[in-house]
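In: Just to be clear, the model below is a prediction. Sequence and coordinates:
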Amino acid sequence: MTTSGNFDMRGVRTPSHTQGLGTTAMDCQKAIEKLHTYLDRQLTADEQAEVKAHLDGCEHCGPAFRFEAGVLHLVRSHCSKTVASVELHRRVRITLQQAPLPKTP
Ligand SMILES: [Zn+2]
């Protein structure tokens, strides 16, 4: 019986760089989770920089961010700048009621 080979099954080392997800420090899922917070500007400056760095370098999250940011900007610019007055609501509703209904076949 030889005892010289007692480390043969333990020679497996995990490579030090297992994060083969590219050059970005943050992975996509984490980035997307933070994306919504980022869009709401509730992240710290550090976190914003982290998310932005990922978005800039990630082909998956980049377009998603631009899309979501665009939608959010649209919603914000139309909805939350000022609360529409009651009068405006009334006029819009009247205008909609007066508008010709699309004919459904
Ligand atoms: Zn990503």
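Out: Yep, that arrived. Numbering: from 1, shown residues only.
In: So Glu59, which state does it fall into?
Out: Following DSSP: H, G, I helix; E, B strand; the rest coil, the label given to Glu59 is coil.
In: What parts of the protein come near the ion?
Out: Residues of the chain lying near the ion by Cβ under 5 Å from the ion: Cys28, Ala31, Cys58, His60, Cys61. For the C-beta atoms, the positions are set from N, CA and C on the backbone; glycine is no exception.
In: The first one and His60 touch, don't they?
Out: Yes: taking contacts as Cβ atoms under 8 Å, Cys28 lies within contact range of His60: 5.4 Å.
In: Comparing these two, which residue is more hemmed in?
Out: Using other Cβ atoms under 10 Å as the criterion, Cys28 and His60 rank with Cys28 on top: 17 against 12.
In: rewinding a little: let me know the closest of the residues of the chain next to the ion to Gln97.
Out: Cys61 (43.3 Å; Cβ to Cβ).
In: can you tell me which residues contact the closest one?
Out: Counting by Cβ atoms under 8 Å, 6 or more residues apart in numbering, Cys61 touches Cys28, Ala31, Ile32, Leu35, His54, Leu55.
In: where's Gly34, which helix or strand?
Out: Quick fix: residue 34 reads Lys, not Gly. Per DSSP states H and E, Lys34 falls inside helix 28-39.
In: ok, and what's touching that helix?
Out: By Cβ under 8 Å, 6+ apart, helix 28-39 touches 21, 24, 26, 43, 47-48, 50-52, 54-55, 58, 60-61, 64-65, 68-69, 72.
In: Point out where this protein drops to low pLDDT.
Out: The chain contains residues with pLDDT under 70 at 1-25, 80-84, 101-102, 104-105.
In: mind listing the strands for it?
Out: With DSSP state E as the criterion, the chain has no strands.
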